[in-house]
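In: Next input, structure requested:
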Amino acid sequence: MNLNLVKQFTSITMFLAVVSMCILFTSFAYAENKPSFSIGAFGGFTSDMSSEAVEDYDDTEWEAGTAYGGSVMYRWANGFVLELIVKQFEMDAEENGSEIGTLEVTPILLMVGYQSMPKNQSGFAFHASIGGGYASSDFDKGDDIKDLERANGVKIDIENDDAFMFEMGAGVDYFFTRNIALTLDGRLVAGDIDSEWDFSNGESEDFTFQTSHFEGLVGLRLWF
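Out: Numbers count the residues shown, from 1 in each chain. The predicted structure follows:
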């Protein structure tokens with residue numbers, strides 16, 4: 001793990017401590033409810049937190065991207081939750097302002113956390129979670145890579161390894177009724193993806209995509 005990631009995880013640890021304090025506070029502010037099941041969908045933007053998009057290539061960076069997905073959640077009466085998230089985030093990589101390509105990542109995450117409920121079945125509530133899981137990915141070549149292939153008369157085959165993704169976040173809910181809530185989330189995502197580039201002339205080169213980023217998400221959740 002490089003120094004940049006160490007700094008990120010230090011920030012994440014501090015953030016988690018603040019979230020824990022919020023959980024303790026809201027556990028007294030909101031009523032306990034019977035166990036419940038929920039499904040939700042969300043979408044929003046990504047903002048890069050990595051020092052470089054490709055490790056050891058200082059001139060590479062991620063443009064702001066998109067994230068979207070859905071989840072299923074089970075909530076116990078004391079407010080603690082177990083959540084399964086399937087999502088996708090997409091970010092464009094650039095080097096010196098020129099397009100390298102688009103990274104598409106599909107994580108499947110298992111999260112644990114806390115979900116408060118409003119006392120009167122409508123109003124504001126709070127949630128927080130932390131977890132991780134498996135992620136598959138693809139890298140779609142951009143114009144610069146395609147120009148390189150044409151100029152050198154080679155084809156490049158790009159294969160990404162599966163990777164571990166860490167995620168944590170917190171947010172607020174507004175319950176219109178006991179069963180329908182609007183959600184607003186801020187989430188931190190961290191993980192590196194190893195990528196092998198095989199050239200048709202027999203050469204190959206390995207790269208690492210640094211995908212740590214922030215996500216701002218809005219969603220809709222149904223409770224049963």
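In: Could you list the low-pLDDT ranges of the chain?
Out: When residues are selected by pLDDT under 70, those of the chain lie in 1-33.
In: run the last query once more with 90
Out: 1-35, 97-98, 119-121, 143-144, 148, 152 (pLDDT under 90).
In: Return the distance of E90 relative to G101.
Out: 11 Å (C-beta to C-beta, to the nearest Å). Backbone N, C-alpha and C define where each C-beta goes, glycine included.
In: what do you get for Q121?
Out: 48 Å.
In: So the two - more neighbours on which side?
Out: G101 (19 against 13; other C-beta atoms under 10 Å).
In: looking at the protein, which residue lies furthest from center?
Out: What lies farthest from the middle of the chain is G153; by C-alpha atoms, centre = their mean that is 37.1 Å.
In: can you give me the strands for the chain?
Out: Using DSSP state E, the strands of the chain run over residues 36-48, 60-62, 65-75, 80-95, 98-115, 123-141, 156-160, 163-175, 180-190, 192-199, 204-210, 213-223.
In: Each with direction, which strands does the longest one pair with?
Out: Here strand 123-141 has these sheet partners by DSSP bridges: strand 98-115 (antiparallel), strand 163-175 (antiparallel).
In: Next, the buried residues of it.
Out: Neighbour counts using 16 or more other C-beta atoms under 10 Å place 125-133, 135, 137, 139, 141 of strand 123-141 among the buried residues.
In: so who does the residue positioned nearest the centre of the chain touch?
Out: Central residue of the chain (C-alpha atoms, centre = their mean): V189, 4.4 Å from the mean position. Applying C-beta atoms under 8 Å, 6 or more residues apart in numbering, we find V189 in contact with T46, F89, P107, M165, F166, E167, T211, S212, H213, F214, E215.
In: if I look at it, how far off is Y114?
Out: For V189, the distance to Y114 (C-beta to C-beta) stands at 20 Å.
In: Likewise for Y74?
Out: 13 Å.
In: Spit out the residues that contact the two alike.
Out: With C-beta under 8 Å, 6+ apart, Y74 and Y114 have common neighbours V81.
In: So these two - more neighbours on which side?
Out: The residue with more neighbours, out of Y74 and Y114, is Y114; 22 against 13, by other C-beta under 10 Å.
In: For the spatially closest residue to G169 that is not a sequence neighbour, name its beta-bridge partners.
Out: Take G169 and drop its neighbours on the chain: the residue closest to it by C-beta to C-beta, 6 or more residues apart in numbering is R187, 3.2 Å away. With DSSP bridges applied, R187 shows beta-bridge pairing to G169, E215.
In: what's R187 in contact with, if anything?
Out: E167, M168, G169, F214, E215, L217.
In: repeat that with 10 Å
Out: Listed by C-beta atoms under 10 Å, 6 or more residues apart in numbering, the contact partners of R187 are 42, 44, 46, 67, 85, 87, 129, 167-171, 213-217.
In: what does H127 give?
Out: 19, 22-23, 26, 73, 75, 79, 81, 83, 113-117, 169-173, 181, 183, 185, 221.
In: Make a PyMOL selection of the buried ones in those residues.
Out: Selection of buried members from these for PyMOL, criterion 16+ other C-beta under 10 Å:
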select buried, resi 19+22+23+26+73+75+79+81+83+113+114+115+116+117+169+170+171+173+181+183+185+221
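In: For V189, see how far away the residue farthest from the centre of the chain is.
Out: With C-beta to C-beta as the criterion, G153 and V189 are 38 Å apart.
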